[in-house]
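K.L.:
model this:
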Amino acid sequence: MNGPIAVLAGTPVDTRMGVAYLEERGLPGVPFPLSRGPREQTAFQHAPAADKRRQALAVLRGAMAQGCRRAFVYCNSLSAAVDFPGLAEETGMRIVTPLDVYRRLAPCYRALGVIAANAQGLSGIEKVLLEANPALDLLGACALPVVLAVEAGMPPEELVERHRLVALAAWFADGGMEALVLGCTHFPYFKEALAARTRLPLVDPAEEMLRLLTQ
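P.N.:
I've put the predicted structure just below:
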């Protein structure tokens, strides 16, 4: 399946990050942000399900009008808020989200930590992980201020220090977690800076999403 790939995300910033991720791998991405910023995206998640579905469907139809037959949903929170499997069936598009990766990931672990943008996103990730592995132990945290810092362009090392992410990772490690899921697509922005200061493996779903999209 060739042609441009629609990149859906919560804000213009993480949409651009998703497009850049594809383009670095030689794939054409077309940006489709659903909100103007993180706070608006959080409000979108609390909207009635029918309204969210209607808005997402309109975006997908607009993407199809531009020749897109695949969609790369580069946003954990958005993935948890909208029934993308149902929209894939209705539109005939191939749609891949981080939740598709977590379903495959969960059986590989006994205990996982998750850091998400907000509680809605965290809840959606938890639901998918536990459906795939009911025996999985989970610890979770949500950190919208970290998302806002990424959007503001704070240097990764400063962000990790100011938001005490090393201490947060240590809390997950002390709780027996085997890895830490970066449950927001803003968070790979500081992945290297945090990885240098924690022994926990950091899980970024993007590579597996890409494999699912192109297989």
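K.L.:
can you pull out the helices in this structure?
P.N.:
Listed in chain order, the helices of the chain (DSSP state H) span 12-23, 38-45, 49-65, 76-81, 84-91, 98-105, 119-132, 144-151, 156-162, 165-174, 191-195, 206-214.
K.L.:
who does the third one touch, helix- and strand-wise?
P.N.:
Packed against helix 49-65, as judged by 3 or more C-beta pairs under 8 Å, 6 or more residues apart in numbering; DSSP states H and E, are the following elements: strand 5-9, strand 29-33, helix 38-45, helix 84-91. The C-beta positions use only the backbone N, C-alpha and C, and glycine is treated the same way.
K.L.:
which of the residues in it are buried?
P.N.:
Of the residues in helix 49-65, 52-53, 56, 59-60, 63 count as buried by neighbour count, 16 or more other C-beta atoms under 10 Å.
K.L.:
I'd like to know which of those residues is nearest to residue 140.
P.N.:
Of all the buried residues of helix 49-65, residue 52 has the smallest distance to residue 140: 22.4 Å, by C-beta to C-beta.
K.L.:
re the thing from before, out of the buried residues of helix 49-65, who's nearest residue 3?
P.N.:
residue 63 (10.5 Å).
K.L.:
for that closest one, which non-adjacent residue is spatially closest?
P.N.:
Distance criterion C-beta to C-beta, 6 or more residues apart in numbering; nearest residue to residue 63, sequence neighbours excluded, is residue 6 at 3.6 Å.
K.L.:
pull the number of nearby residues for the one you found.
P.N.:
Neighbours of residue 6 under the rule other C-beta atoms under 10 Å: 26.
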